[in-house]
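sequence plus the predicted model coming up.
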Amino acid sequence: MMGELVNIPWGQEKEVTTTRREHPLGARGMTPDGRCFRWAFSGEAIGAGQLVMQKGAVANHDMDLATAAAGSVGDTTITVTLGATAATLNQYEDGALYTNDGTGEGHLYAIRSNPAADASGSLVLTLHEKIREATSTSDTLNGLIENDYKDVEIYDADDIDGPALGVAPTEIANDSYFWLQTSGRAAVLIQGTVVNGDAVEASQTTDGAVCLHDVSANTDQAPLGTCAGIIAVTTDYGYVNLQIV
């Protein structure tokens, strides 16, 4: 799914396109100075320097979908019975199916394509790979997740749909392909007091911002990088060395 590392010329990480899917979603890119990015698609307008998160999974697709046709080792399709929500054409392209319970549990497969399917109907998923363990109609249960970098959103402190993925390097319009920064130096929206050398995490009060990763508060947020250079000023954009996968 990821392919080779894409070399991003100086400044091209700030170019945004609404019409060309130039790389697979999630593809890795790197600028000449070593900053790293992921090719993403926006689900809303995003400001430069704002933290971005994965969108939420579809509630009637995300787990416990029955297997409609038993799969054998070597097959490249898996058929599941949807919950009470329809699936659109290629909704799960470059996404994943994982077996959450029963025969074949613990496996995850990359999805190549899917047709449209009605709510509660059968959905045939064509894979990028072969099934490694047989599945059963009697007990194999599955979940579907769209590509992590599809329809990404501003990190919403009051409504967290998924993990923090990166920071927008420029203004991003809705429904746009763009390079989402994941590591290296970046200007990032700051909330609260963060000094040089402090680790930062997603803010729990300000959308799209990072704040001090305060381990003394027993936080359950993952560190996303380190404040660098100078003391960051709340509501300003600080100089942060991102360290997101």
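Sure, I can see it.

can we go C-alpha only for contacts and neighbour counts from here?
Fine.

what residue lies at the spatial centre of the chain?
By CA atoms, centre = their mean, the chain has its centre lying nearest to Asp148, at 2.6 Å.

distance check, that residue against Gln12.
Distance, Asp148 to Gln12, by CA to CA, to the nearest Å: 22 Å.

how about Tyr98?
Tyr98 is 35 Å from Gln12, by CA to CA.

starting at the chain centroid, how far to the longest strand seen in the chain?
The longest strand of the chain (DSSP state E) is strand 177-189. Relative to its chain's centre, strand 177-189 lies at 14 Å (CA atoms, centre = their mean, to the nearest Å).

which residue is the nearest non-sequential neighbour of the residue nearest to the centre of the chain?
Gln54 (5.8 Å; CA to CA, 6 or more residues apart in numbering).

ok, now which residue in this protein is the farthest from the centroid?
Distance-from-mean max, the chain, by CA atoms, centre = their mean: Ser138 at 31.7 Å.

helix, strand or coil for that residue?
Following DSSP: H, G, I helix; E, B strand; the rest coil, Ser138 is assigned to coil.

backbone dihedrals for Met53, please?
phi -130, psi 160 (degrees, to the nearest 10).

what's the neighbour count on it?
Using other CA atoms under 10 Å, Met53 is surrounded by 23 other residues.

just the one 3 residues further on next, same as before
Residue neighbour count, defined by other CA under 10 Å, stands at 18 for Gly56.

give the contact list for it.
Contacts for Gly56 (CA atoms under 8 Å, 6 or more residues apart in numbering) come out as Asp161, Gly162.

look up how far Asp156 lies from it.
12 Å.

same deal with Gly83?
From Gly83 to Asp156 the distance is 27 Å (CA to CA).

now stretch 119-130: buried residues?
Ser120, Gly121, Ser122, Leu123, Val124, Leu125, Thr126, Leu127, His128, Lys130 (16 or more other CA atoms under 10 Å).

isn't the second one up against Thr85?
Right, the one you point to is Gly121. No: the pair Gly121 / Thr85 is not scored as a contact, 9.1 Å apart, by CA atoms under 8 Å.

Ala57: what's it in contact with?
Ala57 is in contact with Leu144, Ile145, Glu146, Asp161, counting by CA under 8 Å, 6+ apart.

the first one: neighbour count?
Think Leu144. Leu144 is flanked by 26 other residues according to other CA under 10 Å.

in the sheet, which residues pair with it? Tell me.
For Leu144, the beta-bridge partners are Leu97 (DSSP bridges).

in terms of contact, does it touch Asp64 like I think?
No: contact status for Leu144 versus Asp64: not in contact, 9.5 Å apart, counting by CA under 8 Å.

any low-confidence regions in this structure?
1-3, 218 (pLDDT under 70).

cutoff 50 now
Applying pLDDT under 50 to the chain flags residues 1-2.

pick the one among the buried residues of stretch 119-130 closest to Leu189.
Using CA to CA, His128 is the member of these that sits closest to Leu189, with 37.8 Å.

now the closest one, nearest residue through space, not along the chain?
Of all residues not flanking His128 in the chain, Arg112 sits nearest, at 5.1 Å (CA to CA, 6+ apart).

list the buried residues in stretch 102-113.
Across stretch 102-113, burial judged by 16+ other CA under 10 Å covers Gly102, Thr103, Gly104, Glu105, Leu108, Tyr109, Ala110, Ile111, Arg112, Ser113.

surely the third one and Thr137 touch.
Pointing back at Gly104 there. No: using CA under 8 Å, Gly104 is not in contact with Thr137, being 11.2 Å away.
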